[in-house]
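Colleague: sequence and predicted structure below; questions after.
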Amino acid sequence: MQRMLSSVCSRSTGRATCQHWLRPAAASVVSGAAARSASMPSRGVIADASIPVLDLIPTRCNRNRRRATRHEHSTASNNSCTTGTKRFMSTTDDGNSNNSSSSMLAFDRSLKRLQRDGAALAQRKWRESAAAATGQQQEADSVSYDYFREEIASRLVDRLDDIRRDGGFPLALDIGSGPGYIHRAICADDAFDGPGGIGGVRKLVQLDSSNEMLNRDVGSDHVNGDHADSFDGSDRCSTYRLNADEESKLPFPDGTFDLVLSSASIHWVNNLPGLLSEAKRVLKPDGCLMFAMVGGSTLSELRSSLVLAEMERDGGVSTHVGPFVDFADVGTLLTAAGFTLPTVDIDTIKLGYPNAMVLMEHLQRMGEGNACASRRTDRISADMFLSAACVYDEMFKLEVDDGVHDDESIEASIQIIYAIGWTPDDSQQKPLERGSATRKIGEDVVVDKTTPGGSSE
């Protein structure tokens, strides 16, 4: 608890400019894939970026008001701090989602849209500031918080590359596309057979509810001076952007797409069964749904630290992280939506950060702030965040090797659930009907009794 952190925040009409306590700060992917790093922006750049204050950034508050309201959330359900919390969705008679019944929703979708819009606008402003400072259209001095989603999109497309299909998947849909992570991953290499990018994708429709995030890189230079839709390999797969809500009925006729993808975006969707049903509707027969979603015990370290700090400071707990879908429920969701041949696997990624405050900073700049419907409505004190950061720094050091920890860094665990499902088609393999067997399994097994213990042939 001896580590002291400081933050300078100024409030003006509900918006804040923040100067941060650490520069540079790096975040790196520790497991599996190649290490990635991102440095924190300079103080001057951050001070120029004005975005809505979110739950993950400490701000000053009135201590007297906090004392009066500290027990209002003490009876919050403990399920809000667990990873297996079930989601509920209110529906109307016509089957459409009813967003007016907020008590039945897990997430505030309008707030999540504002968070992602703010993250996209901040990223664009940083690029413009860096370009103005250098006099060139470069991003060497600005910060990209895309490292995590780029990594997940790459891993998802790697799985697509393992599927062999005549003609590939000419027309694909990316749900929750962001600025185009999957598009860049698909265009990274040629298809094995025929034209198109990885998986034989020749046209990709990118759909996202955040218009600012969807068009973040349109009309401006991107990484290494590449335009959003014009980069090395972009001729392999053309794209089209569409701003639409993922929870609404998808604006496409039945049987439109050969492939539906989604990368690290549908964990904020309230009505997952409805989204999966819509994906099945717009897919052609023998079409493929493939997605990667955040789930399981993601950010368990941050959750535990916030719970301990809030219990100590405020005498209660509230929702800060999650809820996430459990790994065991994904296969059931696919089957209930009518998909066949479901395949589900899970991957755990360890991210390293200098301290918990940098982790929360990166979460906000990714647009991953708290958007739970059951979140606290009052302002959270800086004391509580500082306490959580100290708990995090002491309890969850970055493990660089078996039993070896880096005392100068903390780790964050992210669990990614990958799932594949297919729309029914007569060409797919099917199990025989129950009772149609003509002989027993034992009749095909020969036991050699001449060797000790016997062996089967």
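Modeller: Perfect, I can see it now.
Colleague: which stretches in this protein count as helices?
Modeller: 43-48, 63-69, 109-134, 147-161, 181-186, 211-214, 272-282, 300-314, 327-336, 356-365, 382-395 (DSSP state H).
Colleague: dump the fourth one to PDB, restricted to CA.
Modeller: Backbone C-alpha positions of helix 147-161 (Å, rounded to 0.1, in the frame of the first residue of the first chain) are rendered in PDB as follows:
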ATOM      1  CA  TYR A 147      -2.900  -4.600 -30.300                       C
ATOM      2  CA  PHE A 148      -5.300  -6.900 -28.500                       C
ATOM      3  CA  ARG A 149      -8.100  -6.900 -31.100                       C
ATOM      4  CA  GLU A 150      -5.500  -7.300 -33.900                       C
ATOM      5  CA  GLU A 151      -4.100 -10.300 -32.200                       C
ATOM      6  CA  ILE A 152      -7.600 -11.900 -31.700                       C
ATOM      7  CA  ALA A 153      -8.600 -11.200 -35.300                       C
ATOM      8  CA  SER A 154      -5.300 -12.900 -36.500                       C
ATOM      9  CA  ARG A 155      -6.000 -16.000 -34.400                       C
ATOM     10  CA  LEU A 156      -9.500 -16.200 -35.600                       C
ATOM     11  CA  VAL A 157      -8.600 -15.900 -39.300                       C
ATOM     12  CA  ASP A 158      -5.900 -18.600 -38.700                       C
ATOM     13  CA  ARG A 159      -8.700 -21.000 -37.900                       C
ATOM     14  CA  LEU A 160     -10.500 -19.900 -41.000                       C
ATOM     15  CA  ASP A 161      -7.400 -20.800 -43.000                       C
END
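Colleague: neighbouring contacts of that helix?
Modeller: With contact meaning CB atoms under 8 Å, 6 or more residues apart in numbering, helix 147-161 is reached by 27, 29, 33, 36-38, 169, 178, 181-182, 184-186, 188-189, 192, 198-199, 259, 261, 263-264, 290-292, 347, 349, 351, 366, 414, 416, 418, 420. C-beta coordinates here come from the backbone N, C-alpha and C atoms, glycine included.
Colleague: related to what we said a few turns ago, distance to residue 439, mean pLDDT and mean neighbour count added to the helices of the chain, as TSV?
Modeller: Converted to TSV, the helices of the chain look like this (distance: least, CB to CB, whole Å; pLDDT from 0 to 100; neighbours: other CB atoms under 10 Å):
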stretch	distance to residue 439	mean pLDDT	mean neighbour count
helix 43-48	73	28	16
helix 63-69	72	36	12
helix 109-134	56	86	19
helix 147-161	38	94	21
helix 181-186	47	95	28
helix 211-214	58	94	21
helix 272-282	37	96	20
helix 300-314	50	89	20
helix 327-336	30	93	16
helix 356-365	59	92	24
helix 382-395	59	90	20
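Colleague: out of those, which is closest to residue 250?
Modeller: Nearest to residue 250 among those is helix 272-282 (4.8 Å), distances taken as CB to CB.
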